[in-house]
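A.B. asks: sequence isn't available, so here's the structure alone:
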């Protein structure tokens, strides 16, 4: 399975995966194994600056892009996000430009931060 994963840092609960898109068969629901889910959620805690990085698990590798968006509701006035591709590829850096462009598209969505705080709005 290959998947695109969006994770954000919730100020109260910590890292949370919000969306998972199956890249092998778009439209098919994805249920990440709990161990993989926890490992991906931890990735957001490993970074402090915006940028691309890779990480290897036992059976998967990830290509990741850590970035921030402005927020009126988050502590520090910014939401911390990580866009990841979960893959079996030995060259996860092939996803770098795609992840950068994806993050750029997120950044221009007005008031995107509200999507992560639905219960507060």
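C.D. replies: Cool, the structure landed. Predicted, not measured: the structure shown is a model, and the values here were computed from it.

A.B. asks: all contacts plus neighbour counts: C-alpha atoms, from now on.
C.D. replies: Fine.

A.B. asks: tell me where this structure has helices.
C.D. replies: 34-43, 96-107 (DSSP state H).

A.B. asks: between those helices, which gets nearest to residue 76?
C.D. replies: Judged by Cα to Cα, the one of the helices of the chain that comes nearest to residue 76 is helix 96-107, at 16.8 Å.

A.B. asks: give me the contacts around the closest one.
C.D. replies: Helix 96-107 is touched from outside by 52, 63-65, 67-69, 83-84, 112, with contacts defined as Cα atoms under 8 Å, 6 or more residues apart in numbering.

A.B. asks: all strands for this protein, in order.
C.D. replies: 3-10, 14-22, 51-56, 61-70, 78-87 (DSSP state E).

A.B. asks: in the protein, where is pLDDT below threshold?
C.D. replies: Filtered on pLDDT under 70, the chain yields the residue ranges 119-121.

A.B. asks: number of residues surrounding residue 6?
C.D. replies: Counted with other Cα atoms under 10 Å, the neighbours of residue 6 add up to 20.

A.B. asks: before we move on, back to that, any chance of the helices of the chain in CSV, with mean neighbour count and distance to residue 11 too?
C.D. replies: Formatted as CSV, those follow (neighbours: other Cα atoms under 10 Å; distance: least, Cα to Cα, whole Å):
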stretch, mean neighbour count, distance to residue 11
helix 34-43, 16, 14
helix 96-107, 15, 20
